[in-house]
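**Q** Generate coordinates for the sequence data below:
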Amino acid sequence: MQVFLPQEIGFCFGVKRALKLVLNEIKRSGKIYTLGDLIHNSQVVENLKRKGIESIENLSQIKEGTLVIRSHGVDPSLIEEAKKRRIRVLNATCPYVVEVQNIVKSLSQKSYLVVIVGSNTHPEVKGLMASVKNGKVCVVKNEREAEKLPSVRKMGIVAQTTESLDNFSNIVKNLIIKGKECRAFNTICRIIRERQEGILKLAEKTEAVIVIGGYNSSNTRQLVKLCRSSGTKTYFIEKEKDLDIEELKGIKRIALTGGTSTPRETIEKIKNKLSLIN
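**A** Below you'll find the model as predicted:
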């Protein structure tokens, strides 16, 4: 079996930065907590847990120690509340997400209706919504939802950083006619875009694609969706043990990719295992 990998695999810059900050924090004294899983990868989260780093869902669960804000970002008021409680805050929000937060704040201050293209249940989007102080914000995930929005005088559009470019472009086309003044910011992470483009090119010349990553990872699910929409047979697995070798027998050319929270080592191990299939 021939196995093809895109140029970019492994952790993205934001994930590497978050992990480095947390691992450095271990050297300090005191308990470390992450507000939700630091990244969407169960193996990495389990490893952090073994090092004594605990994941919590609510600020009320802790009274002291260090609170790590994960790469997706949070409601800014939560950070302020933690500081008031004298809890040390380590902000590991991805700089790309911070950039979107700043755009959203600026649009809000200038009385734009802020439209976020993405999932309203994703922590990144929740943090973006909380950055809008005038209440003029809405989230749309597809063209159908975009069509239902009312016409307004001023509209500003941003994307969840893990959104697909095609979906964002199609929604912007629908919204451009709904505002007298309409501003769109392509805030999809450059690394996300490159990974999407890279695997689609490989999908064109292979019989199947395996996407490796957390089942709860937004950017990994986007890769799966794109590959399936290309017509290429696509498998979605989280770790090596999820491979069904028998099902893959007979495939001569296969491509592998992973989400931005998927360790390079995991992808390389799966590649080596597939290379042994006759």
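
**Q** Could you list which residues are in contact with Thr232?
**A** Neighbouring residues of Thr232 by CB atoms under 8 Å, 6 or more residues apart in numbering: Ala203, Glu204, Thr206, Glu207, Ala208, Val209. Quick note: C-beta positions are derived from backbone N, CA and C, even for glycine.

**Q** Tell me which of those residues fall in helices.
**A** Counting by DSSP state H, the part of these found in helices is Ala203, Glu204.

**Q** Any quick PyMOL command for the buried ones out of the contacts of Thr232?
**A** Restricted to buried positions by 16 or more other CB atoms under 10 Å, the PyMOL selection for those reads:
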select buried, resi 203+206+207+208+209
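
**Q** nearest to Thr93, of the contacts of Thr232?
**A** For the contacts of Thr232, the closest approach to Thr93 (CB to CB) belongs to Val209, at 30.8 Å.

**Q** Need the residues that contact whatever helix or strand Glu265 lives in.
**A** With elements taken from DSSP states H and E, the one containing Glu265 is helix 264-275. The contact list for helix 264-275 (CB under 8 Å, 6+ apart) reads 1, 3, 5, 9-11, 43, 210, 212, 239-240, 243, 245, 248, 254, 256-258.

**Q** Equivalent analysis for stretch 42-59, please.
**A** Stretch 42-59 is contacted from outside by 19, 22-23, 26, 31-39, 62, 67-68, 78, 81-82, 85, 87, 214, 238-239, 261, 263, 266, using CB under 8 Å, 6+ apart.

**Q** if you set the cut-off to 7 Å instead, what comes out?
**A** 22, 26, 32-38, 62, 78, 81-82, 214, 238-239, 261, 263 (CB atoms under 7 Å, 6 or more residues apart in numbering).

**Q** Check the gap between Leu200 and Gln160 for me.
**A** According to CB to CB, to the nearest Å, Leu200 stands 19 Å off from Gln160.

**Q** Out of those two, name the residue with the larger neighbour count.
**A** Gln160 (28 against 19; other CB atoms under 10 Å).

**Q** for that one, what are its contacts?
**A** By CB under 7 Å, 6+ apart, the neighbours of Gln160 are Ile116, Val117, Gly118, Ser119, His122, Glu124, Val125.

**Q** Domain parsing of this structure, as residue ranges.
**A** 2-9+190-275, 13-93, 96-184 (automatic domain parsing).

**Q** Report the separation between the two terminal residues of the longest one.
**A** What it means is domain 2-9+190-275. One end of domain 2-9+190-275 sits 6 Å from the other (CA to CA, to the nearest Å).

**Q** Now do the SS call for the residue nearest to Thr257 when sequence neighbours are not counted.
**A** Closest residue to Thr257 apart from its sequence neighbours, by CB to CB, 6 or more residues apart in numbering: Ile199 at 4.4 Å. Applying DSSP: H, G, I helix; E, B strand; the rest coil to Ile199 yields a three-state assignment of helix.

**Q** can you give me the strands for this structure?
**A** 2-4, 32-35, 53-56, 66-69, 88-91, 113-117, 137-140, 152-159, 179-184, 208-212, 233-237, 253-258 (DSSP state E).

**Q** With mean pLDDT and distance to Cys227 added, can I get these in JSON lines?
**A** JSON lines is the format used below for the strands of the chain (pLDDT from 0 to 100; distance: least, CB to CB, whole Å):
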{"stretch": "strand 2-4", "mean pLDDT": "94", "distance to Cys227": "13"}
{"stretch": "strand 32-35", "mean pLDDT": "92", "distance to Cys227": "30"}
{"stretch": "strand 53-56", "mean pLDDT": "92", "distance to Cys227": "30"}
{"stretch": "strand 66-69", "mean pLDDT": "94", "distance to Cys227": "32"}
{"stretch": "strand 88-91", "mean pLDDT": "93", "distance to Cys227": "34"}
{"stretch": "strand 113-117", "mean pLDDT": "97", "distance to Cys227": "21"}
{"stretch": "strand 137-140", "mean pLDDT": "96", "distance to Cys227": "24"}
{"stretch": "strand 152-159", "mean pLDDT": "96", "distance to Cys227": "20"}
{"stretch": "strand 179-184", "mean pLDDT": "91", "distance to Cys227": "26"}
{"stretch": "strand 208-212", "mean pLDDT": "97", "distance to Cys227": "5"}
{"stretch": "strand 233-237", "mean pLDDT": "96", "distance to Cys227": "4"}
{"stretch": "strand 253-258", "mean pLDDT": "96", "distance to Cys227": "8"}
